[in-house]
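# return a 3D structure for these sequence lines:
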Amino acid sequence: MATLRLYVNSLLVLCLIVVFYQANAAKKSTKVPRGHLQQMGLHRDPEGHIDIITEPLSASDFWSKYVSKRHPVLLRGAASHFPAKMLWNDQYLADTYGDLTVKIERKFEADANPVGDMGLARDSIKNFVKTYVQDDKYVISQLPKPMYGDVLVPPCLSCGSFNQSIIEVNFWLSSGGTKSLLHKDAR
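Residues are numbered from 1 along each chain as shown. Alright, predicted model coming up:
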């Protein structure tokens, strides 16, 4: 009888522990983690300061102050002197580069790829600039080589191993409101 009572008491204690554990787990699982569905990076406190540079930076300064120390920097206005800044508008792009093919995606990556005049997920620049304001699409493509002259390499990246390390130049063009899922591009 004592053994049965001990067994029943042990079973009762075990049941109470399981119920208590499940109640606590349920409480914890309903709490929304910090940064959930918010802007990237709001899940934790910042780790430090990021310098913002508004003047051209020499390659040697860029290397010694930032690259060699693995310190992030924002080069604000680094493209302000590019010919593209002055030249690129819908008419110029259509007239000058209209026959070039670019890759297109929907503004929200979860949607199926759009069809352009060059097929699924492909459009000519001429058709794109004619339709992108009303259509749910944007250009995300490598910059076509004929457009290279309008986009310059910033001085801090124009010498030595920096210039040799540029693999591709990406071209994003939209009417605004585009979103990209967190991802890592293939190399």
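# helices of this structure, start to end?
Listed in chain order, the helices of the chain (DSSP state H) span residues 2-29, 59-62, 83-87, 90-97, 125-131, 160-164.
# what's the fifth one packed up against?
Contacting helix 125-131 under the criterion 3 or more CB pairs under 8 Å, 6 or more residues apart in numbering; DSSP states H and E are the following elements: helix 90-97, strand 101-105. C-beta: built from backbone N, CA, C; applies to glycine.
# could you do the second one as well?
Contact here means 3+ CB pairs under 8 Å, 6+ apart; on that basis helix 59-62 packs against helix 160-164.
# got the CA coordinates for the helix it packs on in PDB?
Backbone C-alpha positions of helix 160-164 (Å, rounded to 0.1, in the frame of the first residue of the first chain) are rendered in PDB as follows:
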ATOM      1  CA  GLY A 160      44.600  48.800 -56.700                       C
ATOM      2  CA  SER A 161      42.800  45.800 -55.400                       C
ATOM      3  CA  PHE A 162      39.500  47.700 -54.900                       C
ATOM      4  CA  ASN A 163      39.000  48.200 -58.600                       C
ATOM      5  CA  GLN A 164      40.100  44.600 -59.400                       C
END
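# out of the helices and strands packed on helix 125-131, nearest to residue 177?
Each of the helices and strands packed on helix 125-131 was checked against residue 177 via CB to CB, and the shortest separation belongs to strand 101-105, namely 13.1 Å.
# tell me what the closest one is packed against?
In terms of contact count using 3+ CB pairs under 8 Å, 6+ apart, strand 101-105 is assigned the packing partners strand 122-124, helix 125-131, strand 138-142.
# hang on, the earlier thing: could the helices and strands packed on helix 125-131 be laid out in JSON lines, adding mean pLDDT?
Listed next are the helices and strands packed on helix 125-131 as JSON lines, based on pLDDT from 0 to 100:
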{"stretch": "helix 90-97", "mean pLDDT": "97"}
{"stretch": "strand 101-105", "mean pLDDT": "92"}
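# tell me which of the ones you listed sits nearest to residue 33.
Each of the helices and strands packed on helix 125-131 has some distance to residue 33 by CB to CB; the shortest is strand 101-105, at 29.0 Å.
# the closest one pairs with which strands, parallel or anti?
According to DSSP bridges, strand 101-105 forms sheet pairs with strand 122-124 (antiparallel), strand 138-142 (antiparallel).
# now do the shortest one: everything it contacts.
Residues from elsewhere that reach strand 122-124, judged by CB atoms under 8 Å, 6 or more residues apart in numbering: 98-104, 114, 116-118, 131, 137, 139.
# perfect, I'm done here.
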